[in-house]
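Chemist: sequence unavailable; structure follows:
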């Protein structure tokens, strides 16, 4: 009995208070977004705001149940929960209900559940369990493959459901790997790949590849600390390209300038690789690998963009990058969202006085675009309060993770903070036009039982582990 009392005393109530504040703010703003004069009661169970109250009460019950469990159960059954969730992701592909083009929901009467939300919790637990092994070594081949599979399996199944937004969340686990010893170079490559993807859409492939060649030769020259080598490299590359171009002109192979450039870069990279190995420049393999991967990404973007992404995803990317300016089509959501948030001014229009949301100018105003209601009715001040609460929670979670004695608890805590950060940052960024609309909810605020319950489970498992922070689980 004393142990149970101590556990409840050790719960981080500061985080619980922030959680409750965000949940209540979400509920009030769902009421404001979906307000109906014929159903003015905020507890009207026939309206979304009434249903959200049910989800909130159920979420609090789930939180209490999680806190009542023995913390060691999450360690023991981490892999079991992961496998169970993978099974659900497979089953939803076969028997799930299709909503907005995504077959990602189980429907039970009036209740719909999305296994992808639980997938984030399960993957976080599985990663924490794997990394917390006593013989764990981050840079071993076995480790990298195993961690890659743990993430890739649920991600692939979610992509098959046509729910790309939820699948992208799993990429954030690389921050956890970095915290646990993954080379910063890998993190750099990930950001570089994202930047190259964007540049490949904006720039001509020939020009982008030429820039990559010049940068690689410059990096090689820098490592040798000899500018003459760089100049010689540019001269050799130009000579190779001219020979290939002249050969094509004579024999009429029909190669495009871009194809001639690629052939030239392959020959040039092999020359530099051999020279670097012979002169024992250790980072030359890194430069070579980065260059080859960069060219591969540049070549693959056109295929991914045209043949993998669906129409509405391409339209959203075009809109974000300024390649398309269709304010009445693909850009409607974001444009109306920015109008709603901007119209709130400093203090907002007042509770239930938002016109953009009241007249349905903003689509998905109670789910993915709930932040619009906050901005319009509560203004800059109200938006700052909401953002401040999220930042407080994230900082608190990182602080709690740092104080854990158990490696499992610490890694899981970083995973929780990373997932919440991704959802918070991307959701708000997409409502103000800084990120493409990928359809992910704002934690604890957006309407929906699946997301609220999943985020509640995710958070309160960590709070339960933190209550046992003096133990090595």
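Modeler: Received the coordinates, thanks. Quantities reported herein were computed from a predicted structural model and do not represent experimental measurements.
Chemist: only C-alpha atoms from now on, for both contacts and neighbour counts.
Modeler: OK.
Chemist: if I look at the closest residue to residue 118 other than its chain neighbours, how far off is residue 247?
Modeler: Sequence neighbours aside, residue 454 is the residue nearest to residue 118 in space, at 5.6 Å (criterion: CA to CA, 6 or more residues apart in numbering). Per CA to CA, to the nearest Å, residue 454 is found 62 Å from residue 247.
Chemist: which one's more surrounded, those two?
Modeler: Legend: neighbour count by other CA atoms under 10 Å for residue 454 and residue 247, higher for residue 454 (23 against 12).
Chemist: so which helix or strand takes in the more buried one?
Modeler: helix 449-467 (DSSP states H and E).
Chemist: for that helix, name the packing helices and strands.
Modeler: helix 2-10, helix 48-68, strand 111-113, helix 115-131, helix 407-431 (3 or more CA pairs under 8 Å, 6 or more residues apart in numbering; DSSP states H and E).
Chemist: between the fourth one and helix 449-467, how many degrees?
Modeler: What it means is helix 115-131. 20 degrees (axes from the mean of the first three to the mean of the last three CA atoms, to 10 degrees).
Chemist: just the residues contacting the next helix-or-strand element following helix 115-131, thanks.
Modeler: Using DSSP H and E, the helix or strand that follows helix 115-131 towards the C-terminus is helix 141-160. Contact with helix 141-160 is made by 86, 89-90, 93, 104, 116, 119, 123, 126-127, 130, 136-138, 164, 166-168, 170, as judged by CA atoms under 8 Å, 6 or more residues apart in numbering.
Chemist: ok, stretch 403-415 next?
Modeler: Under CA under 8 Å, 6+ apart, the answer for stretch 403-415 is 75, 124-125, 127-129, 131-132, 173, 176, 397-398, 400-402, 462, 465-466, 469-473.
Chemist: re earlier: of all the helices and strands packed on helix 449-467, which lies closest to residue 237?
Modeler: Between residue 237 and the helices and strands packed on helix 449-467, the tightest spacing by CA to CA is seen for helix 407-431, at 41.6 Å.
Chemist: mind listing what's buried along that closest one?
Modeler: 407-424, 426-428, 430-431 (16 or more other CA atoms under 10 Å).
Chemist: what is the burial count for residue 394?
Modeler: 20.
Chemist: residues contacting it?
Modeler: Contacts of residue 394 by CA under 8 Å, 6+ apart are 417, 420, 421.
Chemist: any idea how far the residue sitting nearest the centre point of the chain is from residue 117?
Modeler: The residue lying closest to the centre of the chain (CA atoms, centre = their mean) is residue 169, at 3.2 Å. Applying CA to CA, the value for residue 169 to residue 117 is 10 Å.
Chemist: flag the shaky bits of the stretch 101-250 of the chain, pLDDT-wise.
Modeler: Within the stretch 101-250 of the chain, the ranges that satisfy pLDDT under 70 run 220, 223-224.
Chemist: could you chop this structure up by domain?
Modeler: 2-194+318-467, 203-309 (automatic domain parsing).
Chemist: deepest-packed of these, please.
Modeler: Neighbour counts (mean count of other CA atoms under 10 Å) averaged over each of the domains of the chain peak at domain 2-194+318-467, with a mean of 19.
Chemist: can you confirm residue 107 is in a strand?
Modeler: Yes - the assignment for residue 107 by DSSP: H, G, I helix; E, B strand; the rest coil puts it in a strand.
Chemist: could you dump the contacts of residue 394 into TSV with pLDDT and distance to residue 49 added?
Modeler: Listed next are the contacts of residue 394 as TSV, based on pLDDT from 0 to 100; distance: CA to CA, whole Å:
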residue	pLDDT	distance to residue 49
417	96	28
420	96	23
421	96	25
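Chemist: residue 294: which of these is nearest?
Modeler: residue 421 (28.0 Å).
Chemist: which ones are touching that closest one?
Modeler: Contacts of residue 421 by CA under 8 Å, 6+ apart are residue 394.
Chemist: mind doing that once more with 10 Å?
Modeler: Residues in contact with residue 421 (CA atoms under 10 Å, 6 or more residues apart in numbering) are 169, 172, 390, 391, 393, 394, 415, 427, 443.
Chemist: once you drop chain neighbours, what's closest to the third one?
Modeler: Take residue 390 and drop its neighbours on the chain: the residue closest to it by CA to CA, 6+ apart is residue 424, 7.5 Å away.
Chemist: isn't the one you found right up against residue 387?
Modeler: Yes - because the distance of 8.6 Å satisfies CA atoms under 10 Å, residue 424 is recorded as touching residue 387.
Chemist: grab the nearest non-local neighbour of residue 433.
Modeler: Residue 433's closest residue in space is residue 334 (CA to CA, 6+ apart), at 5.9 Å.
Chemist: any idea which of the helices and strands packed on helix 449-467 gets closest to residue 80?
Modeler: helix 115-131 (8.9 Å).
Chemist: which helices and strands does the closest one pack with?
Modeler: helix 72-76, helix 78-95, strand 102-108, helix 141-160, helix 164-168, helix 173-179, helix 407-431, helix 449-467 (3 or more CA pairs under 10 Å, 6 or more residues apart in numbering; DSSP states H and E).
Chemist: quick one: low-confidence parts of the stretch 251-400 of the chain?
Modeler: Using pLDDT under 70, the stretch 251-400 of the chain drops low at 272, 275-277, 279-290, 302-303, 306-333, 357-364.
Chemist: at which residues are the strands of it located?
Modeler: With DSSP state E, counting those that start in this stretch as the definition, the stretch 251-400 of the chain shows no strands.
Chemist: so where do the helices sit in it?
Modeler: 257-278, 284-303, 311-320, 332-343, 355-358, 370-402 (DSSP state H, counting those that start in this stretch).
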